[in-house]
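Participant: Kindly return the folded structure for what I paste below:
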Amino acid sequence: MKRLALILSTLALMPVVAFLIAAASPEDQQAGDLLRQKAEKIMQDGNFKEAFDLFQKLATDPIDNPDKVGSDLLNGITCLNRLNRMAEDDAFRESVIAVHSNNWQLLRSAAQSYYNEQHYGTIVAGAFQRGPHRGGDGKWVNTFDRDRVRALQLMIQGMEKGEALVKADKDKSNATVPFSLADLYIEFARMVMGYSGYGEAWRLQYRSDFTQLPDYNEGYRYYYGGDSGRGAPVDERGNPVFHQLPKGWQESTSDGERWRWLLNRAMELNPKITQSTLLELANFFN
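Facilitator: Take a look at the predicted model:
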């Protein structure tokens, strides 16, 4: 219910946020840049509390520089972690997402932060708290699967927003969008591959459900364990399962097909990365 309420409130705010971004003046942007420079200097000096307050102010401002709000988010989370306030990471991150839900660059940064988070915490009185719990009570859980799916949800959202920009761009003003968006697809493909890398690529034969967040898992784990020796998947006749290249994301019938389509779309958006991407494919098939 809380997540539904957050989504509905975000949708209600979107027209207002869009207007404020459009209305941001050069003076507003300059003031934001000066505040960011101050926050970065304070963070370098080790004053993480004051730095976080400034990064939070920047990142939750609808007129924050759309190209830099992602770094404001990541720097803010770094400050929280240095202050041993990891339990505040999720609320801060989701508050920034709610304000900048149309910014594909911010959505990518938010996905990165979920994917690279500390994937553990405790459940106390029915509520999850990321990181260690001082009281020592509560149920210890890990969030590997949950964080990965949340990251992928944000990458899907970022992909849709980025593609809308590419489709709507009729002039040269956003000519660099396709090239930078290609990097999102490369990273997206690696997230679909999963934390375990190529050692458990047999998991790619399944089509994961990214619409529902998995529950928290008991205990702590560093990686998918126990099955790394299973090798590549085979069909009922013992023939290897190949991941075909589908027409689109929606047409993908497995995570393997999703992975192939993401890499192919990246090459379409930025032909300059074709060689390196094909090499990545070759290394996987080797």
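
Participant: Going by C-alpha atoms from here, please, whenever you check contacts or count neighbours.
Facilitator: Noted.

Participant: Give me the three-state assignment for the residue of the chain positioned farthest from its centre.
Facilitator: Within the chain, the residue lying farthest from the chain centre (CA atoms, centre = their mean) is residue 237, at 38.2 Å. Of the three states, residue 237 takes coil under DSSP: H, G, I helix; E, B strand; the rest coil.

Participant: swap in residue 90?
Facilitator: helix.

Participant: For the most centrally placed residue in the chain, which non-adjacent residue is spatially closest?
Facilitator: Taking CA atoms, centre = their mean, the centroid of the chain lies closest to residue 111, which sits 1.0 Å from it. Leaving aside its sequence neighbours, residue 111 sits nearest to residue 151 (CA to CA, 6 or more residues apart in numbering; 4.1 Å).

Participant: I'd like the mean pLDDT over whichever strand or helix holds the one you found, please.
Facilitator: In this structure, residue 151 sits in helix 144-168 according to DSSP states H and E. For helix 144-168, mean pLDDT rounds to 94.

Participant: show me where the protein has helices.
Facilitator: Counting by DSSP state H, the chain has helices at residues 2-23, 26-44, 48-59, 69-82, 89-99, 104-115, 144-168, 177-193, 255-269, 274-285.

Participant: Ok, which of these comes nearest residue 213?
Facilitator: For the helices of the chain, the distance to residue 213 is smallest for helix 144-168, at 5.6 Å, taking CA to CA.

Participant: for that closest one, packing partners?
Facilitator: helix 104-115, helix 177-193 (3 or more CA pairs under 8 Å, 6 or more residues apart in numbering; DSSP states H and E).

Participant: What is the shortest one packed up against?
Facilitator: This points to helix 104-115. Against helix 104-115 (3+ CA pairs under 8 Å, 6+ apart) you get helix 69-82, helix 89-99, helix 144-168.

Participant: Could you single out the most deeply buried of the ones you listed?
Facilitator: helix 69-82 (a mean of 22; mean count of other CA atoms under 10 Å).

Participant: quick one: low-confidence parts of the protein?
Facilitator: 1-24, 135-136, 170-176, 195-200, 220-236, 238-241, 286 (pLDDT under 70).

Participant: got the domain boundaries for it?
Facilitator: 25-100, 141-221+239-286 (automatic domain parsing).

Participant: is it possible to export these to TSV including distance to residue 131?
Facilitator: Compiled in TSV, the domains of the chain are given as follows (distance: least, CA to CA, whole Å):
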stretch	distance to residue 131
domain 25-100	6
domain 141-221+239-286	10
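
Participant: I'd like to know which of the ones you listed is closest to residue 134.
Facilitator: Using CA to CA and comparing the domains of the chain, the one that lies nearest residue 134 is domain 25-100, at 10.7 Å.

Participant: Measure how far that closest one is from the centre of its chain, please.
Facilitator: Chain-centre distance of domain 25-100: 17 Å, with CA atoms, centre = their mean, to the nearest Å.

Participant: what's the span of it from first residue to last?
Facilitator: Taking CA to CA, to the nearest Å, domain 25-100 runs 18 Å from one end to the other.

Participant: Now render the helices and strands packed on helix 104-115 as JSON lines, adding distance to residue 183.
Facilitator: As requested, these are arranged in JSON lines below (distance: least, CA to CA, whole Å):
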{"stretch": "helix 69-82", "distance to residue 183": "15"}
{"stretch": "helix 89-99", "distance to residue 183": "20"}
{"stretch": "helix 144-168", "distance to residue 183": "11"}
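
Participant: Which strand residues bridge residue 130?
Facilitator: Residue 130 forms beta bridges with residue 121, as assigned by DSSP bridges.

Participant: measure it to residue 121 for me?
Facilitator: 4 Å.

Participant: For the residue lying closest to residue 113 once chain neighbours are set aside, which residues are in contact?
Facilitator: Spatial nearest neighbour of residue 113, excluding adjacent residues (CA to CA, 6+ apart): residue 74 at 6.9 Å. With contact set as CA atoms under 8 Å, 6 or more residues apart in numbering, residue 74 has these partners: 109-110, 113.

Participant: cool, residue 55 as well?
Facilitator: Residue 55 touches 36, 39, 72-73, 75-76, counting by CA under 8 Å, 6+ apart.

Participant: Dump those residues to a markdown table, plus distance to residue 63.
Facilitator: Shown next, in a markdown table, are the contacts of residue 55 (distance: CA to CA, whole Å):
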| residue | distance to residue 63 |
| --- | --- |
| 36 | 13 |
| 39 | 17 |
| 72 | 13 |
| 73 | 14 |
| 75 | 18 |
| 76 | 17 |
